[in-house]
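Participant: could you look at this predicted model? Sequence included:
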Amino acid sequence: MNWKQLFLGRREVTLALACVSVAILFQFLSPYFLTAQNLTTILRNSVELLLVSLGISFILATAGIDIAVGGALGICAIFVGWSIEAGWPLAAVLFIGPIIGTALGFVSAALIVWGKIPPIIATLGLFGVYRSAIFLLLGGSWISGLPDTLRLVINQSIGGIPVVGIYVLIFYSVGWLIIRWMPLGTAIRATGENERAARLSGVATGKTKFFVYGFTGLLVGFAALLYVARYRNVETSTGGLVALDAIVASVLGGASVLGGKANLLGTMLGVFLVRLLQNGFVLVGVPSLWEQVITGVLLIAVLVLDALAGARISNYLRSAANP
Amino acid sequence: MITAGRQVRFGGLILLWVIALAVFAARAPAFFSLANLTSIFQFSTLLALVTLGQTFVILTGGGGIDLSVGGIVSLGGLLIAFLIKQGTSPFIAAIAGVLFGGLLGGVNGLIITRLRLLPLIVTLGTYYAYNGLALAVTGGVPISGLPSSFGLLGQSAVLAVPLHTLVIVLPTFIVMVFTLTQMPLGRWIYAIGSNETASRLIGLPVNAIRLGAYTFSGILAALAGLVADSWLLSARPNIGDNLELLSLTATLFGGTSIFGGSGGLIGSLLAVLFFTSLQVGLQMLNINNIWQLGVVGLFLIGSVVLDRTFRNRDTR
């Protein structure tokens, strides 16, 4: 092992460098980019995506995918909004989002595990169902002007760290513990690496999948809670591009659609890079309609660069092994 | 060669269609008018073209799927309308638009075959990129005011059958079915879909065929964009929205296996006619079209489950 091998293998290093270079580049183009206020905005805008991306990283690790998370987030947000409108006690409001989210996650898992439907098809179908459901539930009007019942949930800070940041850190720590130290983490990666082999060696692949989709649902529900707490309204477009952003962030972080890989620190940095880019393009005057194009192209670019770099690294290692 | 399973499936499809038609006829007598038949064909063209391409892509296997078709329909239509507004002759503009669609599909195919990436993630990326591009370049505003002479293809009908059904959909369908069932290329498509490794070992050009399938899917999508332009005399940046969901559903509902290598175009076309009749009929009954996307989603999930049941019975 020399420094080159170490360095090439460290995804986080590359990503952190990418974040810094993007930040420097945008600072040249817009003097507002590296202000404390703008950086706070970027961090704030990352919170919901950080949560959803954590779940998507778990799903990708099992060689699955979920493109219905945006719709699920919208549905959870509607229920959170309704529960506030109905004047439920705070404790009940806090739980409704994660509960509905987990239930929706189990629906995906049931289709994939029991129905044996490929994840992309199952979640594409659910995407359509959720879109219709959101329109039906909202009945064409938005939920808006909600009271600030949830103020305490997001506006606190403990020891100078905003409480939303602490939520994110807690979830990521739990995620890291699972993926790195628990048998469940091994089961997740084994399921993604080679499902048949995993099942034959006694891994409960079905239960593992129920866990990852349920866990993602829980995170989506929690993200919906934070979304409603912050914006105090729910629209038909709520959650629109979350699926794309989360998949891009996870793939940037080193996840593969082929499964077996999970890099949570990478996912975190991936989220920051996505949000830095989206924020920077707006600041330099690119209309926000381009956001979808930029993120889509970013996904393709990462896939292509990864594939090319993967070929180069394996060539390099091969030549290092047989000089 | 049609197996027993496929006969049951086609029978089931036609039966479902007849039931839907009977319900509509009972509830809305106008459903069986000649004008309504024309409008079913009229509405089915876009979905039919995109679905034929989607079926080809899925048949070639290797996780083949094209989620970007809707964006290509929109972008192709926009380019054609833009060129016509610039004063290009409609004929040249149409050819340019269709070639552009082939290029966009080719980008999918090249990334997928050269870099050995999974089609679902690549076309998911281009789905967002192409759809987003269509919205971004127009700012969401349609390009309208195309000359009414350009409407010939999209608006005229011969004996109650729309012109585009006769000169685009039908010939494409016949050529594709002929290729798939009578030509070596068709055999190869089924072969690489059902066993990629074996196909490579006997020397079939797997990558070239798959690249061709994605390119062709792009060409057909752009043709759909052309028909939409000519029909509406304007190009909408969101005309292709949800066509990926609809075309996948029609393909799988029509009996093509999501894993490739089995199925065909006749089922796909029957499914397209079924869905379009449903769409037109529900519109006549004034049923809110908010339901549509959800119902299609359920059909998508249902057809994969159904497919598994049929296949298990075939092999038993």
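Facilitator: That came in fine, so what should we check first? No experiment lies behind these values; they were computed from the predicted model shown.
Participant: for chain B, see how far away residue A:125 is.
Facilitator: 4 Å (CB to the nearest CB, to the nearest Å). C-beta coordinates here come from the backbone N, C-alpha and C atoms, glycine included.
Participant: scratch that, residue A:196
Facilitator: Counting by CB to the nearest CB, the gap from residue A:196 to chain B is 15 Å.
Participant: convert stretch A:58-76 to PDB, retaining C-alpha atoms only.
Facilitator: C-alpha atoms of stretch A:58-76 as PDB (Å, rounded to 0.1, in the frame of the first residue of the first chain):
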ATOM      1  CA  PHE A  58     -29.100   1.700   2.800                       C
ATOM      2  CA  ILE A  59     -31.400   0.800   0.000                       C
ATOM      3  CA  LEU A  60     -28.700   1.100  -2.600                       C
ATOM      4  CA  ALA A  61     -26.500  -1.100  -0.400                       C
ATOM      5  CA  THR A  62     -29.000  -3.900  -0.800                       C
ATOM      6  CA  ALA A  63     -29.000  -3.400  -4.600                       C
ATOM      7  CA  GLY A  64     -32.400  -1.800  -4.400                       C
ATOM      8  CA  ILE A  65     -33.600   1.700  -5.400                       C
ATOM      9  CA  ASP A  66     -36.600   3.800  -4.300                       C
ATOM     10  CA  ILE A  67     -37.800   6.600  -6.600                       C
ATOM     11  CA  ALA A  68     -41.000   7.000  -4.700                       C
ATOM     12  CA  VAL A  69     -39.500   8.700  -1.600                       C
ATOM     13  CA  GLY A  70     -40.500  12.100  -2.900                       C
ATOM     14  CA  GLY A  71     -44.100  11.100  -3.100                       C
ATOM     15  CA  ALA A  72     -43.900   9.400   0.300                       C
ATOM     16  CA  LEU A  73     -42.500  12.600   1.800                       C
ATOM     17  CA  GLY A  74     -45.400  14.600   0.400                       C
ATOM     18  CA  ILE A  75     -47.900  12.200   1.900                       C
ATOM     19  CA  CYS A  76     -46.300  12.300   5.300                       C
END
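Participant: do it and chain B meet?
Facilitator: Yes: in terms of CB under 8 Å from any CB of the partner chain, part of stretch A:58-76 sits within range of chain B, namely A:65, A:67.
Participant: which element is the spatially most central residue of chain A on?
Facilitator: Nearest to the mean C-alpha position of chain A, by CA atoms, centre = their mean, lies residue A:53 at 1.3 Å. For residue A:53, the host element (DSSP states H and E) is helix A:36-61.
Participant: that older thread, ok, the residue nearest to the centre of chain A touching residue A:271?
Facilitator: Yes: using CB atoms under 8 Å, residue A:53 is in contact with residue A:271, at 5.3 Å.
Participant: thinking again about what came up before, so who does the residue nearest to the centre of chain A touch?
Facilitator: Listed by CB atoms under 8 Å, 6 or more residues apart in numbering or on different chains, the contact set of residue A:53 reads A:245-246, A:249-250, A:253, A:267-268, A:270-271.
Participant: also residue B:195?
Facilitator: Residue B:195 touches residue B:261, counting by CB under 8 Å, 6+ apart.
Participant: change it to 10 Å
Facilitator: Counting by CB atoms under 10 Å, 6 or more residues apart in numbering or on different chains, residue B:195 touches B:61, B:201-202, B:260-261.
Participant: mind checking which of the residues you listed are in strands?
Facilitator: Applying DSSP state E to the contacts of residue B:195, no entry is found in strands.
Participant: dump the residues you listed to a markdown table, plus neighbour count and pLDDT.
Facilitator: A markdown table is the format used below for those (neighbours: other CB atoms under 10 Å in any protein chain shown; pLDDT from 0 to 100):
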| residue | neighbour count | pLDDT |
| --- | --- | --- |
| B:61 | 27 | 88 |
| B:201 | 9 | 94 |
| B:202 | 9 | 92 |
| B:260 | 23 | 86 |
| B:261 | 21 | 86 |
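Participant: which one of those residues is nearest chain A?
Facilitator: When the contacts of residue B:195 are compared for distance to chain A (CB to the nearest CB), residue B:260 comes out closest, at 11.7 Å.
Participant: can you give me the mean pLDDT across the helix holding residue A:53?
Facilitator: Helix A:36-61 carries an average pLDDT of 93.
Participant: again with stretch B:130-147
Facilitator: Regarding stretch B:130-147, the rounded mean pLDDT is 91.
Participant: buried set for it?
Facilitator: By 16 or more other CB atoms under 10 Å in any protein chain shown, the buried positions in stretch B:130-147 come out as B:130-138, B:142-143, B:146.
Participant: ok, stretch A:42-49 next?
Facilitator: Buried residues in stretch A:42-49, counting neighbours by 16+ other CB under 10 Å, are found at A:42-44, A:46-49.
Participant: determine which two of these are furthest apart.
Facilitator: Farthest pair in the buried residues of stretch A:42-49 (CB to CB) is A:42 and A:48. Separation: 13.0 Å.
Participant: which neighbours do residue A:53 and residue A:271 have in common?
Facilitator: Common neighbours of residue A:53 and residue A:271 are listed as A:46, A:245-246, A:248-250, A:252-253 (criterion: CB under 10 Å, 6+ apart).
Participant: kindly indicate the member of those with the most neighbours.
Facilitator: residue A:246 (35 neighbours; other CB atoms under 10 Å in any protein chain shown).
Participant: return the distance of it relative to residue B:298.
Facilitator: When distance is defined by CB to CB, to the nearest Å, residue A:246 is 24 Å away from residue B:298.
Participant: for stretch A:200-220, buried residues please.
Facilitator: Neighbour counts using 16+ other CB under 10 Å place A:203, A:205, A:208-220 of stretch A:200-220 among the buried residues.
Participant: what do you get for stretch B:200-219?
Facilitator: Under 16+ other CB under 10 Å, the buried positions of stretch B:200-219 are B:204, B:206-207, B:209-219.
Participant: do that stretch and chain A meet?
Facilitator: No: Stretch B:200-219 is not in contact with chain A by CB under 10 Å from any CB of the partner chain; minimum separation 14.0 Å.
Participant: run a quick neighbour tally on residue B:27.
Facilitator: Residues lying near residue B:27 (other CB under 10 Å) number 11.
Participant: let me redo that: residue B:249
Facilitator: Residue B:249: 30 surrounding residues under other CB under 10 Å.
Participant: assign the residue nearest to it when sequence neighbours are not counted to helix, strand or coil.
Facilitator: Leaving aside its chain neighbours, residue B:249 sits nearest to residue B:300 (4.2 Å; criterion: CB to CB, 6 or more residues apart in numbering or on different chains). Of the three states, residue B:300 takes helix according to DSSP: H, G, I helix; E, B strand; the rest coil.
Participant: lowest confidence element among the helices and strands of chain A?
Facilitator: For chain A, the helix or strand with the lowest mean confidence is helix A:3-9, at a mean of 58 (criterion: mean pLDDT, DSSP states H and E).
Participant: right, and the helix or strand after that helix?
Facilitator: Counting by DSSP H and E, the element after helix A:3-9 in chain order, helix or strand, is helix A:11-29.
Participant: convert the C-alpha atoms of that next one to CSV, please.
Facilitator: The C-alpha trace of helix A:11-29 is given here as CSV (Å, rounded to 0.1, in the frame of the first residue of the first chain):
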residue,chain,number,x,y,z
ARG,A,11,-13.9,8.6,-1.7
GLU,A,12,-14.3,11.1,1.1
VAL,A,13,-11.1,12.9,0.3
THR,A,14,-12.1,13.4,-3.3
LEU,A,15,-15.5,14.6,-2.3
ALA,A,16,-14.2,17.0,0.3
LEU,A,17,-11.8,18.4,-2.3
ALA,A,18,-14.6,18.7,-4.8
CYS,A,19,-16.7,20.6,-2.3
VAL,A,20,-13.9,23.0,-1.5
SER,A,21,-13.1,23.6,-5.2
VAL,A,22,-16.8,24.2,-6.1
ALA,A,23,-17.0,26.6,-3.2
ILE,A,24,-13.9,28.5,-4.3
LEU,A,25,-15.1,28.6,-7.9
PHE,A,26,-18.5,30.0,-6.9
GLN,A,27,-16.9,32.5,-4.6
PHE,A,28,-15.1,33.9,-7.6
LEU,A,29,-18.4,34.2,-9.5
